[in-house]
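Participant: From the sequence below, what's the structure:
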Amino acid sequence: MTLPIRIKGFTTEVLSWKPWLDMVNVGTASAGQLAALDEMSPQARTSPYFLVLAHQPEILLQRSIAFNAIMFAPGGMPRAERELGATVESRVNGCVYCASVHAQRFEQLAKRNDVISQVFEEPASAGTTPREKAIVAFSARLGTAPDQVSAEDIRALKEVGLNELEILDLIHSVALFAWANRLMLNLGEPVFPADAAA
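Facilitator: Purely as a prediction, here's the structure:
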């Protein structure tokens, strides 16, 4: 078992999350709220984040459908690379919680975490292969300067072997987390294991 990575305030530790708004009470939730939670995942009924989002069940339901389609759809870009794009976007946006969750998922799927250390240290130069470097660089550029992404950026991805469906999957993953990070950053805060015990 590898030790958690801790670099520049980012970590692969399992974090908790503390909302700044009241959560939906599962015991008194409406059928629509429960259905929206269940669409996300079996754990959503115990997640403070999803229990806050459940105040607007139709939005949560649509978010869950989009999230699951983007991150888990078969074919296209390998799941580990989608998780890497999500991690880079979360790192660029400063979303410690999302970066932790998706770095862990990358590590589980790829069976390594070397690139995660690099992303946490400096996303602009991270990557262990030309393909990975291109994925990370594109994800960071899409996160920091989306108005400057051009056909040249797409050509750079194709040059390292990404096909058009993989590129679309990567763009969806990064764009999804541009939105998800902003929700999470503005609705609560991450709680580190040491803080949770205090």
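Participant: Closest to the centroid, which residue in the protein?
Facilitator: Ala86 (3.9 Å; C-alpha atoms, centre = their mean).
Participant: what helix or strand is it on?
Facilitator: helix 79-93 (DSSP states H and E).
Participant: which helices and strands sit right next to that helix?
Facilitator: helix 57-72, helix 96-110, helix 114-121, helix 130-144, helix 164-187 (3 or more C-beta pairs under 8 Å, 6 or more residues apart in numbering; DSSP states H and E). In short, each C-beta sits where N, CA and C put it, glycine included.
Participant: among those, which is nearest Gly32?
Facilitator: Nearest to Gly32, of all the helices and strands packed on helix 79-93, is helix 57-72, at 4.3 Å by C-beta to C-beta.
Participant: follow-up on the earlier one: just so I know, which of the helices and strands packed on helix 79-93 lies nearest Pro193?
Facilitator: Closest among the helices and strands packed on helix 79-93, using C-beta to C-beta: helix 96-110, at 10.8 Å.
Participant: Now do the closest one: which elements does it pack against?
Facilitator: Counting contacts by 3+ C-beta pairs under 8 Å, 6+ apart, helix 96-110 packs against strand 10-11, helix 79-93, helix 114-121, helix 164-187, strand 188-191.
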